[in-house]
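sequence first, predicted coordinates after that:
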Amino acid sequence: MPLRHRLILWCAVILFIVLTLFGTLLYGITRWTLVRVLDDTLTTTVNQAMANAAAIPMGEFSTPEELILRLPELDMFQSSAVMIQAWRIYQNGVSLSGASRNIENYTDALDPVALQQEASASEEMDDIWSATVIDGTEWRVISRPIDIWGESFVLQAAISMAAINQASRWLLIIVVIEMLIALIGTCFIGWIMASRALRRIDDITAAAASIVNTDDLKTRMPANGPNDEIGRLISVFNHMLDRIEQMFGVQQRFVADVSHELRTPLTAIRGHLDLVTRYGADPESLEALESEVSRMSRLVTDLLMLAKADYGGLPLSMTAVDLDDLVSEIYREAKILAKDRDLKVTMRDFEPVRITGDHDRLKQLMLNLVSNAIKFTPDGGEITLSLRSTPVDAVLEVSDTGVGISIEDQKHVFDRFYQSETSRARVDIGDLKANDGVGLGLSIAKWIAEVHGGHISVRSEPDHGAAFTVTIPHTAAHPRPTSLTRREQTGEWTMTR
C-alpha cells in the first residue's frame, strides 16, 4: 500500500475514533440532560400534587370506611402533560384512590412493578424512578410513598418521553451524518495535502533513480521549497550526493593510484627477471628486485592495516608510554635514516610526558612523520623534533625545511593516496625520491592520532618547509627528571636522569 494511502487511512481511523467518542459523549450528555429536565418536572408536579391534594373520607356515620384522594387540576402543575395516580396500600393489596383528569379512564398502574415494590416494603422507601411502555409509548415514571391520616398511599406520576426519544433520534442522525461528512472531507483534504507533501519525496525518488540508471552523481534536488522536514531531507540528500561524488572520486583516484603503484614495481620486477633469465643473476638486479618487493610489501601491509582500522578489526595494546623515551628512540633512528644524506636532525624542546597508548603504533606514527620529512627535504636542510606538554596534552612536532605544502594541498594531505602535482616532483635525496611512496603514511598517522584521542595538523608554506603537530591527552608528568645533552665530539644527543 502506498505511503499516502496509509497516511490517509491512519488519519481516517483516528478521526473516526475521535468522532465516535465525541458523538457518543454528546449523545449521552444531551439525553441525560433532557431526562433530568423530565425528572425535575415530575418531582415538581408530585410535590405540588401532595401539597394541594385533598383526602375525602367515605363511609356512614362517624367512622370512615375509605379515604379518597382528590388531586388538583393539572393546570396548576408545571406541565399539563403529566399523569398522576394515587394508590392506597392495604395489607392484602392495593386500590386506585384517585387520578388526574387526563387519566381517569386508565385503571392500571402506571408502573405496576414499582407499585408492588412500594406496597410490599416493610418500611418506608424512597422515590422509585422507572421507564415503562403504555400503549406503545415510553413514559418516565416516579413512584413516591406518602402517609395520610395513618394510611399508606403511593403517588405515581408519569410523563411521555416521545419528544425526548425523537430528539435523540434526530441528534443521532445528525451526529452520524456529520461524522460521514467529516470523514469524507478529511480523506479528500488529506489526499490533496499528502500528494503535495509527498510530491517532493517523489522528486527525490526520481533523482535517486536517475543517479542509479545514468550513473550521474552531479544530479541535485532543487531546494526551492520551505525549510520543513522535506526541505531538510532534500538538503541532507544533496549533501549526501556531494559526499558520494567526493568519495567516488576518491575511490577512482584510489584505484588509479593503487594500480599505478603496483604496476610500477611489477614492471620493474618483470624487467629485472628478464635480465636475470637472459644474462644470469647480478648483484644490482637482485638488489633492485629486493627493493621493489619490499616496496610492494609495505604497500600491501599499509593497505591491510587501514582496511582493518576502517572496520575496527585492528586491536591496540594500550599501556603507559613515556613519550620522551619514544622520541629519543625516534631521534636515533632518524639520524640512521638520514646517514647517507646531508641533513641535520636536531631536538628543540624536550619535556618528560607520559600518555596511555600503543607503543608500536605511536612509534609508527612518528616514523611516518620523520620519513616524510626526510623524503621532502633537500640536502643541506634540517629536520627538528620537539616534545612538550600542556596542562592537558602532550604535543609532538616534526618540522623540516623542505619543499613545503601549498594551502590547497594541506586540505587533502591526510587523504589516502593523495599526492599533489608539486609533491610528485623529484627532489634529489640520494637513493630516495620525493615521490617514493603511495600517500598512505600521513593517513596512517592521522588514524593513529585519532584512536589515541588526539589529532594531527600541519602548517606549511611552499619552499619554506612544513611542520606536523600531534596532540594527545597525557596522563601524568614523567616521574623521573630527564635532560638531553649533546656530546661535542660525536654530535650525538644523550639523556641523563
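Great, that's in hand. In this text the structure is predicted, and so the values were computed from the model without any measurement.

pLDDT weak spots in the stretch 201-350 of the chain?
215-216, 222-226, 250-251, 253-254, 257-258, 260-261, 264, 307, 309-313 (pLDDT under 70).

which parts of it are strands?
319-322, 344-350 (DSSP state E, counting those that start in this stretch).

over to Leu38: give its phi and psi.
phi -60, psi -40 (degrees, to the nearest 10).

thinking again about what came up before, adding mean neighbour count and distance to Gly280, write the strands of the stretch 201-350 of the chain out as CSV.
Where you see a C-beta, it was placed from the backbone N, CA and C, and this is true even at glycine. Output for the strands of the stretch 201-350 of the chain, formatted as CSV (neighbours: other C-beta atoms under 10 Å; distance: least, C-beta to C-beta, whole Å):
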stretch, mean neighbour count, distance to Gly280
strand 319-322, 16, 50
strand 344-350, 16, 41
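
residues touching the nearest residue to Ile164 once chain neighbours are set aside, list them.
Nearest residue to Ile164 in three dimensions, chain neighbours excluded: Leu34, at 4.7 Å (C-beta to C-beta, 6 or more residues apart in numbering). Counting by C-beta atoms under 8 Å, 6 or more residues apart in numbering, Leu34 makes contact with Ile164, Ala167, Ser168.

give me the element the first one is part of.
Taking DSSP states H and E as the criterion, the element that holds Ile164 is helix 162-214.

in a markdown table: the contacts of Leu34, plus neighbour count and distance to Thr346.
A markdown table is the format used below for the contacts of Leu34 (neighbours: other C-beta atoms under 10 Å; distance: C-beta to C-beta, whole Å):
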| residue | neighbour count | distance to Thr346 |
| --- | --- | --- |
| Ile164 | 19 | 106 |
| Ala167 | 14 | 104 |
| Ser168 | 16 | 101 |
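
verify the stated contact: Glu329 with Asp360.
No - shown here, Glu329 and Asp360 do not form a contact pair, counting by C-beta atoms under 8 Å, at 11.7 Å.

distance of the nearest residue to Val293 once chain neighbours are set aside from Phe16?
Nearest non-adjacent residue to Val293, counting by C-beta to C-beta, 6+ apart: Ile269, 7.1 Å away. According to C-beta to C-beta, to the nearest Å, Ile269 and Phe16 sit 78 Å apart.

same thing with Leu183?
From Leu183 to Phe16 the distance is 6 Å (C-beta to C-beta).

do the same with Lys335
Relative to Phe16, and taking C-beta to C-beta, Lys335 is found at 84 Å.

what score does the residue lying closest to Gly381 once chain neighbours are set aside have for pLDDT?
Ranked by C-beta to C-beta, 6+ apart and with sequence neighbours excluded, the top spatial neighbour of Gly381 is Thr401, at 4.3 Å. As predicted, Thr401 sits at a pLDDT of 91.

do Ser130 as well
87.

now swap in the one 10 residues further on and tell me
Among the per-residue scores, Arg140 shows a pLDDT of 89.

do the same with the one 4 residues further on
Per-residue pLDDT puts Arg144 at 85.

equivalent analysis for Arg70, please.
Value for Arg70, per-residue pLDDT: 63.

and for His455?
For His455, pLDDT reads 93.

for it, list each beta-bridge partner.
Beta-bridge partners for His455, by DSSP bridges, are Thr471.

shouldn't it be in contact with Ala449?
Yes - between His455 and Ala449 there is a contact under C-beta under 8 Å: 5.7 Å.

anything in contact with each of the two?
Overlap of the contact sets of His455 and Ala449 (by C-beta under 8 Å, 6+ apart) consists of Val470, Thr471.

tell me which element the closest residue to Ala338 other than its chain neighbours is part of?
Excluding the flanking residues, the one nearest Ala338 by C-beta to C-beta, 6+ apart is Ile374, at 5.4 Å. Assigned by DSSP H and E, Ile374 belongs to helix 359-375.

for the following helix or strand past that helix, name the packing helices and strands.
On the C-terminal side of helix 359-375, the closest following helix or strand by DSSP H and E is strand 382-389. Applying 3 or more C-beta pairs under 8 Å, 6 or more residues apart in numbering; DSSP states H and E, we find strand 382-389 packed against helix 323-337, strand 344-350, strand 353-357, helix 359-375, strand 393-400.

picking that back up, so how far is Glu178 from the residue nearest to Ile164?
Distance, Leu34 to Glu178, using C-beta to C-beta: 20 Å.

also Leu299?
For Leu299, the distance to Glu178 - C-beta to C-beta - is 77 Å.

which of these two has more residues huddled nearby?
Higher neighbour count among Leu299 and Glu178: Leu299, with 17 against 13, using other C-beta atoms under 10 Å.

for Met347, name its beta-bridge partners.
The partner residues for Met347, given DSSP bridges, come to Leu385.

residue contacts, Ala445?
Counted by C-beta under 8 Å, 6+ apart, Ala445 has contacts Gln364, Leu365, Asn368, Leu369, Phe414, Ile456, Phe468, Val470.

just name the closest of the residues you listed to Ser195, please.
Among the contacts of Ala445, Phe414 lies closest to Ser195 (C-beta to C-beta), at 47.5 Å.

domains of the protein?
3-166, 229-309, 316-496 (automatic domain parsing).

can you tell me how far the residue lying closest to Leu440 once chain neighbours are set aside sits from Leu15?
The spatially closest residue to Leu440, leaving aside those adjacent along the chain, is Asp302, at 4.4 Å (C-beta to C-beta, 6+ apart). According to C-beta to C-beta, Asp302 and Leu15 sit 62 Å apart.
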